[in-house]
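**Q** coords please:
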Amino acid sequence: MDPDDDVMQALAAHDQRVARSGRSIWVGAEPTYTDRFSESPQWLFDALGDDKRDRALKMLARLGKHEHGAAILRCVGRQYGGEPHPRWSVGIYARRDGARLWSGPPDPALAPPPPTPGTASDTTPNPPVLAATLSKALRSIGLNATTLQPPLRERVVFRTDGTAPPDCAAKAPALARSSLHSERVVGAEVEDELAESGNYLIVCSDTDGVANLELPKIPDVELFGRLLGAISTATLELDLPAVMLSGHPPPVDPTVRWTTITPDPAVIEINMAPVACTVDLLQHLRDLENAADQERLAPLRLQYNGVENDSGGGGHITLGGARPSVSPFLTLGHLLPGIVRYFNRHPSLSYLHATDSVGPSSQAPRVDESLHHDLSDFSLALELLKRTDSPTPETLWNSLAPFLADPSGNSHRAEINIEKLWNPFLGGRGCNGLVEFRAFRMAPSPETTAALAALLRAIVTMLAEQPFDEPLTQWGSKLHSRFSLPYYLHRDLKEVLTDLDTSGLGLADPLVELLLRDRDLILAERTLGSVHLEIRRALEFWPLVGDVATQERGGSRLIDSSTSRIEIRLRPTDPNEPLDQWNVTVGDWSIPLEQVEDDAGPIALVGLRYRTFVPVRGLHPTLGAQSPLTLCLSHPRAGHWHVSLHDWHPKSEPYAGLPANVDEARQRREQRCVVEPIEAKTIASTVSPPRDAVCDQVVDLRWQQPKAS
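**A** I've put the predicted structure just below:
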């Protein structure tokens with residue numbers, strides 16, 4: 001370990017604290033990357049695209065070159081509404097102990113360029129010959145295998161129980177099935193009726209001059225390893241330069257690592273193999289980041305106007321055990337209810353590192369958002385679990401699943417996603433003792449993702465030792481007002497960190513610094529007279545627009561993103577100068593400021609909500625745009641200023657291109673804030689905002705009457 005790597009050292013200390021507790025909490029992550037300079041549909045909103053697939057394969061090749069003895073698999077991916085075929089999925093399958101699983105020719109992504117056609121080294125695959133050679137190799141390791149009769153001579157079927165497999169479609173019609181990659185996936189996952197009957201079918205083909213073997217659904221890792229060995233033997237005997245392995249995903253247990261790259265709207269997603277500690281997680285994340293960077297893929301987007309967004313695909317983190325039977329969520333019946341209660345108590349865990357789209361219509365709504373703030377039945381469900389000694393996995397699942405879902409009932413889209421905890425409706429993927437935390441955006445760095453993983457593991461360890469059964473908090477309007485502001489999210493997260501410190505599971509400063517996300521939220525800072533003005537981007541809760549039921553069948557959903565929210569902080573430059581004489585007005589409204597404090601001293605605080613543009617489809621069609629937002633900042637002795645926050649270039653000029661880096665993006669944000677001194681006599685008389693426009697610390701300017709032109 002690099003002694004100068006402060007983050008790695010902090011993670012090592014965290015891993016040691018978790019280990020001392022006697023808990024084994026494995027962690028996996030799903031980082032997503034995009035081409036932030038591309039404006040093609042596949043990198044903006046579509047899931048599929050040729051360039052996306054090519055870049056994913058090149059990224060896989062970079063990762064695979066360091067995985068000696070691993071198999072490259074091109075499996076059937078998931079299928080979503082409106083898509084005619086399953087998505088592709090490419091991955092690396094390796095043993096955790098380093099033992100070799102694959103000795104055959106490389107996947108084309110890792111193979112050297114093919115020779116010129118017609119040369120002596122040109123080896124064209126012959127599917128029937130490959131099938132016959134593979135059948136022989138399978139028999140040599142004790143499996144009863146045969147090639148099918150014409151016209152299906154390119155197909156091999158084998159059994160493991162010593163009985164003879166069928167040798168023609170007349171005996172088993174499914175032996176003539178078409179490619180899995182061209183069929184619709186019906187149900188939760190791709191099924192294999194032949195494999196369920198004990199007949200394992202392998203289809204050999206020639207795909208653009210490369211041997212392709214479509215593999216069956218194999219039930220266990222030991223048999224899959226034997227199959228890979230037989231395929232290696234057969235393909236080497238035929239001196240094939242490259243081989244593609246496709247078909248069903250492989251079996252997984254604690255002895256193997258299975259990392260996949262798949263497409264998602266606007267991004268490619270990496271489903272990382274879980275690891276036992278955050279030190280290993282960070283190293284793997286850095287390897288991924290390096291491979292992505294070499295393929296010009298980024299974890300974030302920088303908009304023309306300087307706004308920093310995540311990749312657009314989220315950055316979920318999953319916790320569990322090495323295998324389902326040792327998952328802490330299944331062995332400790334009080335743990336998962338305690339986590340749900342704790343997350344309800346601390347909105348910062350839901351919002352501070354969230355994607356741009358949050359709230360009930362998002363991809364990861366909180367349980368109190370899904371239930372429209374009525375928590376009575378959910379409170380009862382938690383109480384009944386509390387009364388149950390050692391609830392079974394089935395009881396946990398059946399008690400919590402109806403509530404941990406989005407408002408439409410989709411259990412996949414929930415902040416705390418338990419669809420892979422003990423779900424009988426998800427096939428082999430459902431009963432794995434896993435909990436996925438979906439509220440996190442794709443972090444801007446591997447270090448931030450690892451810090452978030454450490455935060456979750458520390459919370460889980462704390463709640464495993466100290467059951468948390470406090471009543472659910474009915475936040476009401478405060479959830480989407482007070483906790484839309486970074487100030488309150490930071491304050492809340494510091495309470496979580498204090499809890500961890502008290503429990504002996506505190507996180508070191510390098511991790512805390514990463515967790516207290518702030519720099520990308522700052523829009524502008526100015527010193528005006530005796531006060532320092534800070535303007536931050538706050539959370540806005542965008543609604544779905546139109547026929548939501550219809551949108552559920554598509555790959556993406558339409559939201560109204562025309563409303564923005566900002567946080568205003570005023571800090572005295574002189575600690576002896578009070579803030580109570582500073583005034584903020586917008587139009588003819590006098591904006592109420594709350595007097596609060598943070599570690600740096602007193603603050604005058606308020607949030608402002610306004611409409612930035614008029615959407616083609618959205619809410620309030622008669623409401624005009626309120627951009628640029630202009631406020632008046634004044635003090636009877638220190639001076640008076642107009643502060644205008646533009647959503648685009650202040651002079652409405654085009655930008656030369658996207659920002660080259662984060663520093664340039666932040667410069668553009670600063671340039672959008674224009675400050676002009678004004679005379680006191682130009683300040684108009686003001687009134688208080690109407691009651692409907694004020695909720696906790698947020699003033700909704702959309703209620704303001706526009707000035708007559």
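
**Q** Check which residues of stretch 584-593 are buried.
**A** Using 16 or more other C-beta atoms under 10 Å as the test for burial, stretch 584-593 gives 584-587, 589-591, 593. All C-beta spots, glycine's among them, are computed from the backbone N, C-alpha and C.

**Q** hmm, I was thinking of stretch 276-292
**A** The neighbour-count check on stretch 276-292 (16+ other C-beta under 10 Å) flags 276-285, 288-289, 291-292 as buried.

**Q** thinking again about what came up before, what about the buried residues of stretch 584-593, which are in strands?
**A** 584-586, 589-591 (DSSP state E).

**Q** Quick one: those as a markdown table, columns for distance to Pro689 and pLDDT too.
**A** What follows is those, written out as a markdown table (distance: C-beta to C-beta, whole Å; pLDDT from 0 to 100):
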| residue | distance to Pro689 | pLDDT |
| --- | --- | --- |
| Val584 | 12 | 96 |
| Thr585 | 10 | 96 |
| Val586 | 9 | 96 |
| Trp589 | 5 | 96 |
| Ser590 | 8 | 96 |
| Ile591 | 7 | 97 |
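
**Q** Would you tell me which one of those comes nearest to Pro393?
**A** Checking these against Pro393 by C-beta to C-beta gives Ile591 as the nearest, at 52.1 Å.

**Q** Hmm, Cys632 and the closest one touching each other?
**A** No. The pair Ile591 and Cys632 does not pass the contact test of C-beta atoms under 8 Å, sitting 9.4 Å apart.

**Q** Show me the buried residues of stretch 276-292 that map onto helices.
**A** Counting by DSSP state H, these place 278-285, 288-289, 291-292 in helices.

**Q** from those, which is closest to Asp663?
**A** Nearest to Asp663 among these, counting by C-beta to C-beta, is Glu289 at 18.9 Å.

**Q** Mind jotting down where the strands sit in the stretch 501-650 of the chain?
**A** Residue ranges of the strands in the stretch 501-650 of the chain, as given by DSSP state E, counting those that start in this stretch, are 522-528, 531-537, 563-572, 583-586, 589-591, 594-598, 601-611, 629-635, 639-645.

**Q** Return the list of strands paired to the last one, each annotated with direction.
**A** So the one you mean is strand 639-645. Strand 639-645 sits in its sheet next to strand 629-635 (antiparallel), strand 673-677 (antiparallel), going by DSSP bridges.

**Q** For that strand, what is the distance to the chain centroid?
**A** On the basis of C-alpha atoms, centre = their mean, to the nearest Å, the separation between the geometric centre of strand 639-645 and that of its chain is 39 Å.

**Q** could you give the mean pLDDT of it?
**A** Within the predicted structure, the mean pLDDT of strand 639-645 is 96.

**Q** got a list of contacts for that strand?
**A** Residues from elsewhere that reach strand 639-645, judged by C-beta atoms under 8 Å, 6 or more residues apart in numbering: 523-524, 526, 528-529, 533, 535, 566, 628-634, 650, 672-680, 682-683.

**Q** Just the buried ones out of these, please.
**A** If you count burial by 16+ other C-beta under 10 Å, the buried members of the contacts of strand 639-645 come out as 523-524, 528-529, 533, 535, 566, 628-634, 672-673.

**Q** so what are the domain limits for the chain?
**A** When the chain is parsed with automatic domain parsing, its domains come out as 6-30+299-305+315-418+444-515, 50-116+126-258, 519-703.

**Q** Tell me which of those domains lies nearest to Ile270.
**A** Nearest to Ile270, of all those, is domain 6-30+299-305+315-418+444-515, at 6.7 Å by C-beta to C-beta.
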